[in-house]
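> Quick check, what structure comes out for this input:
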Amino acid sequence: MSHEASDDFAPDRDRVADADPAVPIIDIAPFVHGHPAAREMVIAAVKRACEQVGFR
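Down below sits the predicted model:
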């Protein structure tokens, strides 16, 4: 799969500056083997990691 670079890409520097530089480690075992509430906790952790590390 090939992606062409876009010349008009400009990162959101304020958001990048505020981002947590550490990539979190998320244990997904509760999602596979857990109670529905545990699944929701994993989903929330993944969402938070994606938003704070730079994925929106």
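
> Look at the closest residue to F31 other than its chain neighbours and report its pLDDT.
Closest residue in space to F31, ignoring its immediate chain neighbours: V42 at 4.1 Å, by C-beta to C-beta, 6 or more residues apart in numbering. For every residue, glycine as well, the C-beta is placed using N, CA and C. We have a pLDDT of 95 for V42.

> can you check A22 too?
74.

> buried residues in the helix ranked longest in the chain?
Counting residues, the longest helix found in the chain (DSSP state H) is helix 36-53. Neighbour counts over helix 36-53 (16 or more other C-beta atoms under 10 Å) mark 42, 45, 49 as buried.

> My read is that the last one contacts I26, right?
Yes: here A49 reaches I26: they are 6.3 Å apart, a contact under C-beta atoms under 8 Å.

> In terms of secondary structure, what does the longest helix of the chain contact?
helix 29-33 (3 or more C-beta pairs under 8 Å, 6 or more residues apart in numbering; DSSP states H and E).

> And the average pLDDT for the helix it packs on is what?
Mean predicted confidence for helix 29-33 is 91.

> List the neighbours of that helix that are in contact with it.
With C-beta atoms under 8 Å, 6 or more residues apart in numbering as the test, helix 29-33 has contacts from 38-39, 41-43.

> With distance to V53 added, can I get those residues in a markdown table?
Output for the contacts of helix 29-33, formatted as a markdown table (distance: C-beta to C-beta, whole Å):
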| residue | distance to V53 |
| --- | --- |
| A38 | 22 |
| R39 | 21 |
| M41 | 18 |
| V42 | 16 |
| I43 | 16 |
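
> Using CSV, write out every CA atom in stretch 39-56.
Output in CSV follows, covering the C-alpha atoms of stretch 39-56 (Å, rounded to 0.1, in the frame of the first residue of the first chain):
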residue,chain,number,x,y,z
ARG,A,39,-14.6,-3.9,28.0
GLU,A,40,-15.8,-0.3,28.3
MET,A,41,-12.6,0.6,30.3
VAL,A,42,-10.4,-0.8,27.5
ILE,A,43,-12.4,1.1,24.9
ALA,A,44,-12.0,4.3,27.0
ALA,A,45,-8.2,3.7,27.4
VAL,A,46,-7.8,3.2,23.6
LYS,A,47,-9.8,6.3,22.8
ARG,A,48,-7.9,8.4,25.3
ALA,A,49,-4.6,7.1,24.0
CYS,A,50,-5.6,7.8,20.4
GLU,A,51,-6.7,11.4,21.2
GLN,A,52,-3.7,12.2,23.4
VAL,A,53,-1.0,10.7,21.3
GLY,A,54,-2.2,12.3,18.1
PHE,A,55,-4.9,10.3,16.4
ARG,A,56,-8.3,11.9,16.1
